[in-house]
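Undergrad: fold the following, please.
(one chain, ligands or ions: 1)
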Amino acid sequence: MPLFGIGSAPRCALGYEGDTMALSMREVAEAFVALEKSSRRTTLVAILGDLLARAETAEMERLVYLCQGRLGPPFSAPEIGLQAKLMMHAVADATGCTEEAIRHLYDERGDIGTVAGEILPAEGRGISLMEVYHQLLAIATASGRGAQAQKIGLLADLLRRLSGPEARYVLRIAQGRLRLGVGDATILDALATSAGDPSLKEAIERCYNLSSDLGLVARVLREEGEPGLRRFQARPGRPVRPALAQRVASPEEALRRLGRCQAEPKYDGFRLQIHRVGDAVHLFSRNMEDVSGQFPEIAEATLRQVGAESAILEGEAVGYLPETGEYLPFQVTVQRRRKHRVEAMQEAIPLRLFAFDLLYADGREFLTAPLTERRAALERLVTPTPDSALALSPVLVTDDATELERFFDEMVSEGLEGIMVKRLDGAYTAGARSFNWIKLKRGYRAELADTVDCVLVGYLYGRGQRARFGIGSLLAAVYDEKRDRFQTVAKIGSGLSDEGWVKMRELLDQDSVPHRPARVDSVLQPDVWCEPHYVVEVQADEITRSPLHAAGRDGEPTGYALRFPRMVGWIRADKHPEDATTVEEIIEMFRIQRLRATSAL
Ligand code: ATP
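TA: Prediction:
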């Protein structure tokens, strides 16, 4: 089978500059219209795959980012994130309509892309995808005094050259909300389709898990084909997608699955990936954002204590009290995740990062090495220093259930969340949840021990007291990885303060859409739909089967639902919607719950 589909050969060896045959924005908009009309995964993959196959390498790379509503990978691209008000100004400028008229239409339609789509002419001036991309980049990077006016001017210039249908999507991209029903998983499938070989999916996915950069994956696929994808390696500077843990019913089940294993404390803070490149240190959050500036003490400790010129380490950062050595609860630690007043926060809540894995050191990638080898290398690499911001997580290697339980009880009595139990010969499973890591949390003996991370897809006005806030409950979904869709699992009516409800409504209103979003499956009809965006942590009493929810239905009359769900904490800023709990995990949690119920009899 040929590596690349027909028509995918580069049209101009020199790339985009001056290339009259470059992919036009018209072609892109036509494909986007078709994507918007369908919700079938196979159709979406075929349409996007065909469009990607027609693009040159540079176009393909940019197109992939634009489909994600971005200009580059999450860790290095400037955010466009233009506010609706500013865009209305630019639309008025470009069309000669008054701002009042635009606002009026916007209030009716609820989407500035739709408004521009209706009032701009049906035919544009024939602009290429690359020109649109570069203009958006100029808008995103305009800074300093007068940046606001400059952004409006640049956007108005761009709009004058666009047709209505083109503007509809360009403005949605500028908002970071393309709403095409195409998630990363669908883009990965479409890349394989664009190469004319669906069997490349696994190699494409691997490359994505090692780079977190879909544009780069597209480039490697096009320029180097399958061999390039297969030899691709993790490199400091590019975040690796995190390995994730599974759940089991008891320490005995963990031992049955793993045999002799390594147990570690499970710290309740936030995950950081540390990348050292010479004298520079980059810190990446769980969802691959660059948060380097936020935790200077960890960056400094890395330079002092990590004995390698280049390295990738991973660990959990926890707030602590240096006087007593006590760890601070998650709600306190998480306050360190902010971009401003970093120094003051550093003094108020000092952090300590417990490194638990090593992925790369001085030219050697460790991802496929067994845990024992990674841990030994980590211990050689990090010089322990008392009271420093960088420490190693302690470990216990055992095959004894009583010893494991004792370790667990000890950690819980120290105020930790529980333990992580890891397979000794297990590789680091980038981007995947596997049984190489198992989490045993405090309260695992309770019916539903773990919380569920849900994506909010709408809200209901509610009755009684709450109705005065205009929001009574949240419609929440989990992620169906196979279909790349969000399926409802709960209606959440508690866990927030009065101010919390008001703030939540304000946030959700910014993402509201007039109809069910393209990637959402739901039986319930909320009063307000919103694009899947925010992830919240939910505690429930148990998982039940219910005809009211869509999660895991698969043609059955009932789906899975959370009983007595309540929100804990606030929005999980470190998770993308696709990082929410998956339908598969819900089914697994249901299995564990049943197992506990029978063993309790
Ligand atoms: P997940 O990260 O698995 O999607 P989550 O963010 O809700 O889910 P948990 O499921 O509670 O977190 O547990 C996994 C997380 O525990 C890891 O992502 C990591 O941040 C944290 N963690 C704490 N201590 C360790 C450790 N010793 N080894 C690995 N992870 C740890």
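Undergrad: my guess is L86 contacts G153, does it?
TA: No: taking contacts as C-beta atoms under 8 Å, L86 lies outside contact range of G153: 11.1 Å. Any C-beta I mention is one placed from the backbone N, CA and C, and that applies to glycine too.
Undergrad: residues near V342, how many?
TA: The local packing of V342 (other C-beta atoms under 10 Å) involves 15 other residues.
Undergrad: looking at it, it is touching V291, isn't it?
TA: No: with contact defined as C-beta under 8 Å, V342 does not count as touching V291 (10.5 Å).
Undergrad: for G278, phi and psi?
TA: For G278, the backbone dihedrals are phi 60, psi -120 (criterion: degrees, to the nearest 10).
Undergrad: list the residues that contact it.
TA: 309-310 (C-beta atoms under 8 Å, 6 or more residues apart in numbering).
Undergrad: could you measure from it over to P236?
TA: Per C-beta to C-beta, to the nearest Å, G278 is found 9 Å from P236.
Undergrad: residues from the stretch 351-500 of the chain in reach of the ligand?
TA: Taking C-beta under 6 Å from any ligand atom, the part of the stretch 351-500 of the chain that reaches the ligand is made up of 356, 393, 420, 439, 453.
Undergrad: give me that answer again for 8 Å
TA: Neighbours of the ligand within the stretch 351-500 of the chain, by C-beta under 8 Å from any ligand atom: 354, 356-357, 393, 417, 419-420, 422, 433, 437, 439, 441, 450-451, 453.
Undergrad: restricted to strands, list these.
TA: Here DSSP state E is the test, and these give 354, 356-357, 419-420, 422, 433, 437, 439, 441, 453 as lying in strands.
Undergrad: looking at pLDDT only, which of the residues you listed scores worst?
TA: Lowest pLDDT within these is found at K441 (89).
Undergrad: from M411, how far off is the nearest residue to that one once chain neighbours are set aside?
TA: Of all residues not flanking K441 in the chain, G418 sits nearest, at 4.0 Å (C-beta to C-beta, 6 or more residues apart in numbering). Counting by C-beta to C-beta, the gap from G418 to M411 is 7 Å.
Undergrad: what touches both of those two?
TA: K266.
Undergrad: which of these two has more neighbours?
TA: A side-by-side neighbour count of G418 and M411, using other C-beta under 10 Å, places M411 first with 23 against 20.
Undergrad: so what's the more buried one up against?
TA: If you count contacts by C-beta under 8 Å, 6+ apart, M411 has them with 265-266, 418-419.
Undergrad: now do 10 Å
TA: By C-beta atoms under 10 Å, 6 or more residues apart in numbering, the residues touching M411 are 263-267, 394, 396, 417-420, 440, 442.
Undergrad: of all those, which comes closest to E347?
TA: Taking C-beta to C-beta as the measure, E347 lies nearest Y267 of those, at 21.4 Å.
Undergrad: burial count for the closest one?
TA: Around Y267 sit 24 other residues, with neighbours defined as other C-beta under 10 Å.
Undergrad: for the one 3 residues further on, same thing?
TA: The number of residues packed around F270, counting by other C-beta under 10 Å, is 23.
Undergrad: distance of R553 from the ligand?
TA: Separation of R553 from the ligand (C-beta to the nearest ligand atom, to the nearest Å): 23 Å.
Undergrad: equivalent analysis for R406, please.
TA: Counting by C-beta to the nearest ligand atom, the gap from R406 to the ligand is 17 Å.
Undergrad: helix or strand: which one has that residue?
TA: For R406, the element it lies in under DSSP states H and E is helix 401-413.
Undergrad: where does the chain dip in pLDDT?
TA: Residue ranges of the chain with pLDDT under 70: 1-21, 81, 444-448, 599-601.
Undergrad: so which bits of it are right by the ligand?
TA: Proximity of the chain to the ligand, by C-beta under 8 Å from any ligand atom, involves residues 242, 244-245, 247, 264-271, 286, 314-316, 354, 356-357, 393, 417, 419-420, 422, 433, 437, 439, 441, 450-451, 453, 537, 572, 574-575, 579, 581.
Undergrad: and the residue in the stretch 101-250 of the chain positioned nearest to the ligand, what are its phi and psi?
TA: When distances are taken as C-beta to the nearest ligand atom, the stretch 101-250 of the chain reaches nearest to the ligand at L244, 4.3 Å away. Backbone torsions of L244, given as degrees, to the nearest 10, read phi -120, psi 160.
Undergrad: shouldn't it be in contact with E481?
TA: No: counting by C-beta atoms under 10 Å, E481 is not a contact partner of L244; they are 11.8 Å apart.
Undergrad: who's more crowded, these two?
TA: L244 (18 against 15).
Undergrad: before we move on, the earlier item: out of the contacts of M411, which end up buried?
TA: 263-267, 396, 417-420, 440, 442 (16 or more other C-beta atoms under 10 Å).
Undergrad: on that earlier part again, let me know the closest of the residues of the stretch 351-500 of the chain next to the ligand to A147.
TA: D453 (35.7 Å).
Undergrad: do I have it right that that closest one meets A490?
TA: No: using C-beta under 10 Å, D453 makes no contact with A490, being 11.6 Å away.
Undergrad: need the overlap of contacts for the two.
TA: Residues touching both D453 and A490 (C-beta under 10 Å, 6+ apart) are 476, 478, 538.
Undergrad: my guess is the first one is in a strand, correct?
TA: Yes: with DSSP: H, G, I helix; E, B strand; the rest coil as the criterion, A476 is located in a strand.
Undergrad: and it, how far from the ligand?
TA: For A476, the distance to the ligand - C-beta to the nearest ligand atom - is 15 Å.
Undergrad: how about the helices in the stretch 351-500 of the chain?
TA: 371-381, 401-413, 498-510 (DSSP state H, counting those that start in this stretch).
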